[in-house]
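In: sequence? don't have it. structure:
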């Protein structure tokens with residue numbers, strides 16, 4: 001190695017050491033509270049005083065809210081999750097502006113895009129940001145949110161159950177989205193609080209919504225791929241919701257065994273209108289893999305450090321997949337727990353029944369044929385179902401089968417004995433009755449000649 005190469009190696013090592021040290025310092029300096037984090041970026045309440053000033057909503061106030069949302073998006077995920085978990089429920093009256101997050105529940109009654117000025121739209125890389133009016137027991141709230149469910153219609157009245165964790169920034173005037181021509185206007189009655197939030201969570205009146213699932217998380221789920229970044233929040237929220245439910249209630253909601261073909265066929269687009277629906281599948285588990293969860297916030301979210309991934313082959317009608325006709329199809333099922341004693345591993349053959357919630361069309365590569373390149377390797381798409389527990393229906397062992405047959409033979413022998421005893425008793429009874437009839441037929445007096 002010449003001198004130049006040695007110098008380059010030393011420089012590279014110094015760069016790596018500096019990056020490692022910087023990351024360590026950044027981790028150590030992660031703010032413990034929202035107030036500390038906001039103060040770091042000069043977004044604390046004193047700096048946000050402009051938002052509490054009376055008067056109409058102007059570009060300066062809107063710009064400050066956009067800055068606040070942008071910085072909250074950059075907060076460490078673990079810190080954001082901790083702050084949300086610690087958010088205090090709103091009191092009987094609407095909360096006052098401050099540096100602590102609050103949790104509100106109510107009904108979303110109106111949603112509309114709030115147009116951004118050209119310079120702010122360029123910075124935010126979006127032409128508008130959604131604003132949601134929420135009716136709570138304490139009063140009306142205007143939430144300026146980064147993410148609002150796409151399924152909600154804009155510029156018209158709605159009535160959807162929601163929850164939101166956000167930062168109260170003003171009890172003064174709130175912005176009013178300007179409607180385009182031909183649509184209804186924003187409601188006229190004033191709200192009592194302006195809230196800035198990363199998202200507004202939607203809990204529709206479904207079995208899954210009743211378990212606290214935010215259906216807005218499904219907006220970023222990507223079909224036709226493995227679990228990708230856009231699926232992560234929805235996947236863990238679904239695991240957490242399934243864990244909160246009672247297994248019997250989930251099985252009742254899922255009903256009888258479903259036909260897998262509508263979920264398998266991409267042309268039917270089943271997931272576009274049924275994502276989150278409860279379903280039941282019954283088949284043979286060929287693989288059961290324990291998936292370890294490393295992120296602390298995900299462990300807190302679902303209340304555990306792992307889940308199980310099952311490949312369950314379910315019976316179907318004759319279908320053609322990748323030029324092959326078959327009458328079974330694999331369904332990927334992720335469950336919180338497995339029954340005690342159930343075999344696990346990459347090569348099992350166990351009958352199971354799984355009731356859970358349909359999440360997406362999951363894709364995975366099939367084993368490559370010898371000489372086949374990576375691009376030409378076939379992929380398989382299958383439904384991904386998330387549930388609480390799999391029901392294992394093991395076949396009886398040889399000893400159990402022998403024992404069962406013994407009891408069957410014993411029962412049959414007892415039945416035969418009862419039949420014979422009943423027959424003997426009836427024969428004796430009939431003989432006694434016949435003798436009585438014969439005696440009754442004799443004359444009372446016999447005279448000899």
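Out: That came through fine. The structure presented is a predicted model; accordingly, all values stated were derived computationally and were not measured.
In: Could I get the contacting residues of the residue most central in space within the chain?
Out: In the chain, the centroid-proximal residue (CA atoms, centre = their mean) is residue 238; its distance is 1.4 Å. With contact taken as CB atoms under 8 Å, 6 or more residues apart in numbering, residue 238 is in contact with 208, 213, 276, 357, 359, 386. (C-beta placed from N, C-alpha, C; glycine too.)
In: wait, which of the residues you listed is closest to residue 57?
Out: Lowest distance from residue 57 to the contacts of residue 238 (CB to CB) belongs to residue 213, with 33.5 Å.
In: Over to that closest one. Which of the three states is it?
Out: Of the three states, residue 213 takes coil under DSSP: H, G, I helix; E, B strand; the rest coil.
In: what about it, how many neighbours?
Out: Residues lying near residue 213 (other CB atoms under 10 Å) number 26.
In: mind giving me the domain ranges of this protein?
Out: As recorded under automatic domain parsing, the domains making up the chain are 28-202, 219-365+378-392.
In: which one of those lies closest to residue 418?
Out: Across the domains of the chain, residue 418 has its closest neighbour in domain 219-365+378-392 (36.3 Å, CB to CB).
In: Tell me the span between the first and last residue of the closest one.
Out: End-to-end distance of domain 219-365+378-392 (CA to CA, to the nearest Å): 33 Å.
In: now it, how far from the centre of its chain.
Out: The chain centroid and the centroid of domain 219-365+378-392 are separated by 11 Å under CA atoms, centre = their mean, to the nearest Å.
In: Poorly predicted segments of the stretch 101-250 of the chain, please.
Out: Scanning the stretch 101-250 of the chain for pLDDT under 70 picks out no residues.
In: Tell me where it has strands.
Out: Chain-ordered strands for the stretch 101-250 of the chain, with DSSP state E, counting those that start in this stretch as the definition, fall at 102-115, 128-136, 139-147, 157-170, 193-202.
In: For the second one, could you pull out the residues that count as buried?
Out: What it means is strand 128-136. Buried residues in strand 128-136, counted by 16 or more other CB atoms under 10 Å: 129, 130, 131, 132, 133, 134, 135, 136.
In: ok, the third one - contacts?
Out: Residue 131 makes contacts with 111, 112, 113, 114, 142, 143, 144, 145, 175, 177, as judged by CB under 8 Å, 6+ apart.
In: What residues does the second one make contact with?
Out: I take that to be residue 112. Contacts of residue 112 by CB under 8 Å, 6+ apart are 130, 131, 154, 155, 177, 179, 186.
In: List only buried entries from these.
Out: Taking 16+ other CB under 10 Å as the criterion, what is buried in the contacts of residue 112 is 130, 131, 154, 155, 177, 186.
In: The third one is in contact with residue 108, isn't it?
Out: No - if you go by CB atoms under 8 Å, residue 154 and residue 108 don't touch, sitting 11.8 Å apart.
In: are any of the contacts of residue 131 buried, and which?
Out: Buried members of the contacts of residue 131, counted by 16+ other CB under 10 Å: 111, 112, 113, 114, 142, 143, 144, 145, 175, 177.
In: which residues in the chain form helices?
Out: For the chain, applying DSSP state H gives helices covering 3-28, 34-40, 59-73, 77-85, 118-124, 232-244, 247-254, 261-264, 271-274, 296-302, 398-441.
In: what number of residues lie near residue 79?
Out: 17.
In: roughly how far apart are it and residue 252?
Out: Distance of residue 79 to residue 252, given as CB to CB, to the nearest Å: 39 Å.
In: what's the answer for residue 101, then?
Out: Distance, residue 101 to residue 252, using CB to CB: 36 Å.
In: about what we covered before: export the buried ones among the contacts of residue 131 to TSV and tack on distance to residue 61?
Out: Output for the buried ones among the contacts of residue 131, formatted as TSV (distance: CB to CB, whole Å):
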residue	distance to residue 61
111	20
112	18
113	17
114	11
142	12
143	15
144	10
145	16
175	8
177	14
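In: just those residues now: which is nearest residue 228?
Out: Nearest to residue 228 out of the buried ones among the contacts of residue 131 is residue 145 (CB to CB; 23.4 Å).
In: partner residues bridging the closest one?
Out: For residue 145, the beta-bridge partners are residue 197 (DSSP bridges).
In: Also residue 115?
Out: Counting by DSSP bridges, residue 115 is bridged to residue 128.
In: was I right about it contacting residue 127?
Out: Yes - with contact defined as CB under 8 Å, residue 115 reaches residue 127; the gap is 6.8 Å.
In: Between those two, point out the one with more neighbours.
Out: Neighbours per residue (other CB under 10 Å) separate residue 115 from residue 127, with residue 115 holding more: 15 against 12.
In: tell me the contacts of that one?
Out: Taking CB under 8 Å, 6+ apart as the test, what residue 115 contacts is 127, 128, 177, 178.
In: Report the separation between residue 381 and residue 267.
Out: Relative to residue 267, residue 381 is positioned 12 Å away (CB to CB).
In: circling back to that earlier point, between residue 101 and residue 252, tell me which one has more neighbours.
Out: Shown here are residue 101 and residue 252; by other CB under 10 Å, residue 101 has more neighbours (23 against 12).
In: so what's the more buried one closest to, chain neighbours aside?
Out: residue 87 (4.1 Å; CB to CB, 6 or more residues apart in numbering).
In: What are the phi and psi values at the one you found?
Out: phi -60, psi 130 (degrees, to the nearest 10).
In: from memory it sits against residue 102, does it?
Out: Yes - the pair residue 87 / residue 102 is scored as a contact, 5.7 Å apart, by CB under 8 Å.
In: Pull up the overlap in contacts between the two.
Out: Residues touching both residue 87 and residue 102 by CB under 8 Å, 6+ apart: residue 165.
In: Could you check which of the two has the larger neighbour count?
Out: residue 102 (22 against 18).
In: Tell me where the stretch 251-400 of the chain has strands.
Out: Under DSSP E, counting those that start in this stretch, the stretch 251-400 of the chain gives strands at 278-292, 306-321, 324-337, 350-365, 379-392.
In: just checking, what packs against the last one?
Out: In terms of contact count using 3 or more CB pairs under 8 Å, 6 or more residues apart in numbering; DSSP states H and E, strand 379-392 is assigned the packing partners helix 232-244, helix 247-254, helix 261-264, strand 278-292, strand 306-321, strand 324-337, strand 350-365.
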